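S.K.: Sequence first, predicted model second:
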Amino acid sequence: MFTATLIAANGLPGGDVSAAADRLAAAGCRPSAPRWIDADATVDIDFTGDSLAARASLEGVFAGVDLVVQPRAGRRKALLIADMDSTMITVECIDELADYAGIKAQVAEVTERAMRGELDFEGALDARVALLAGLDEGAIDRCLAERVRNMPGAVPLVRTMRAGGALAILVSGGFTRFAEPVAARIGFDRAIANRLLVADGRLTGEVAKPIVGAATKEATLRAAITERGLTAAQTLAVGDGANDLPMIRAAGLGVAYHAKPIVAAAAAARIEHGDLTALLWAQGIPRAEWVSE
């Protein structure tokens, strides 16, 4: 048995729900009666049949609606592995830090290409950090205070999952000076990220090795599975860039969040309209059970 979850925080018309059930039936699936998670916002339609055919029949059909298709059993996850920049926070920290050095446009272009998978992540990170050589260390704290904001839905997603017993790990190709305070204020159990090197109060233009990249993100997921005695099916991974792809593919539910095209095309689920609370609805958790403090 599979579940198709239609998510529309701004309202889900009943006509769309009926049309979705009809489309599933036309695709050779056998839908059950729709079941609302939260009235007019999110609905589950259980079905038997081909999950790929079901997804193809529904994805992108209804305006403003996100879709998650997954096995009905085990949808509430026991492990969350999340990217930080443009996923758990609204900015790319290295781009904003570069603005304090007056080179944001130059660095942001490389960031965008790396996130689209056009450049080697590790090499691109080294090249961007090198451009920050000589920047006053104080710019890091200024950037954190002035520009780094939580992504809408980040706090309830993480805190609700942890309240349900899940382990939540933030794994970032960015920097510990941002990831550690971000993880603390959102509510993650731990954070893993790169370490910027500083000497005499200024950035050296180097990052400590080995670099936290795609391989580290996947390895973190697999290590946490072993640590908690889980199966891959019990895990959720979310990110937006090409360096998130290995962990997204390895997770039971891999989610592309407002992601680059290469990631959106490869992920099992895409969130393109809603915020991060869509991942609570995807697990069948209604608003009444969300934890935000």
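M.R.: Great, that's in hand.

S.K.: measure Arg76 to Ala127 for me?
M.R.: 41 Å (CB to CB, to the nearest Å). Quick note: C-beta positions are derived from backbone N, CA and C, even for glycine.

S.K.: Sorry, slip of the keys, the one I care about is Arg72.
M.R.: Separation of Arg72 from Ala127 (CB to CB) stands at 46 Å.

S.K.: Over to Ile285?
M.R.: Ile285 is 42 Å from Ala127, by CB to CB.

S.K.: Same question for Leu80.
M.R.: As judged by CB to CB, Leu80 and Ala127 stand 31 Å apart.

S.K.: of these two, who's got more company?
M.R.: Set Leu80 next to Ala127 and count neighbours by other CB atoms under 10 Å: Leu80 wins out with 25 against 14.

S.K.: Pretty sure the more buried one sits in a strand.
M.R.: Yes: assessed with DSSP: H, G, I helix; E, B strand; the rest coil, Leu80 lies in a strand.

S.K.: what is Val207 paired to in the beta sheet?
M.R.: Applying DSSP bridges to Val207 yields these beta-bridge partners: Leu196.

S.K.: got a list of what it touches?
M.R.: When contacts are counted by CB atoms under 8 Å, 6 or more residues apart in numbering, Val207 is found next to 125-126, 129, 175, 194-197.

S.K.: One more pass at 7 Å, please.
M.R.: Val207 is in contact with 125-126, 129, 194-197, counting by CB atoms under 7 Å, 6 or more residues apart in numbering.

S.K.: Look at Ala98 and tell me its secondary structure.
M.R.: helix.

S.K.: What is the neighbour count of it?
M.R.: Look at Ala98: counted by other CB under 10 Å, it has 25 neighbours.

S.K.: can you give me the strands in the stretch 1-150 of the chain?
M.R.: Secondary structure of the stretch 1-150 of the chain (DSSP state E, counting those that start in this stretch): strands at 2-7, 30-31, 35-38, 42-48, 66-71, 79-82.

S.K.: Now do the phi/psi pair for Trp290.
M.R.: Main-chain dihedrals, Trp290, degrees, to the nearest 10: phi -70, psi 140.

S.K.: Please apply the same query to Gly64.
M.R.: Main-chain dihedrals, Gly64, degrees, to the nearest 10: phi 70, psi 10.

S.K.: Quick one: residues contacting it.
M.R.: 8, 10, 273.

S.K.: Report the separation between the first one and Phe178.
M.R.: It stands for Ala8. Distance of Ala8 to Phe178, computed by CB to CB: 32 Å.

S.K.: between these two, which one's more packed in?
M.R.: A direct count of neighbours by other CB under 10 Å for Ala8 and Phe178 places Phe178 higher, at 27 against 22.

S.K.: show me the contacts for Asp240.
M.R.: Counted by CB under 7 Å, 6+ apart, Asp240 has contacts 83, 86-87, 256-260, 263.

S.K.: what about 6 Å?
M.R.: Shown in contact with Asp240 (CB atoms under 6 Å, 6 or more residues apart in numbering): 86-87, 257, 259.

S.K.: Excluding chain neighbours, what is closest to it?
M.R.: Nearest non-adjacent residue to Asp240, counting by CB to CB, 6 or more residues apart in numbering: Ala259, 4.2 Å away.

S.K.: Surely that neighbour is in a helix?
M.R.: No: counting by three-state DSSP, Ala259 falls outside a helix, being coil.

S.K.: pLDDT at it, what is it?
M.R.: Per-residue pLDDT puts Ala259 at 90.

S.K.: what do you get for Ile285?
M.R.: 97.

S.K.: and it, that one's in a helix?
M.R.: No: Ile285: not assigned to a helix; according to three-state DSSP it is coil.

S.K.: so what's the closest residue to it other than its chain neighbours up against?
M.R.: Spatially, and ignoring its direct neighbours in sequence, Ile285 is nearest to Thr160 (6.3 Å; CB to CB, 6+ apart). Residues counted as contacts of Thr160 (CB under 6 Å, 6+ apart) are 280, 290-291.

S.K.: Save those residues as CSV, and put in pLDDT too.
M.R.: Output for the contacts of Thr160, formatted as CSV (pLDDT from 0 to 100):
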residue, pLDDT
Leu280, 98
Trp290, 97
Val291, 96
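
S.K.: In terms of distance to Cys93, which of the residues you listed ranks first?
M.R.: Checking those against Cys93 by CB to CB gives Leu280 as the nearest, at 25.5 Å.
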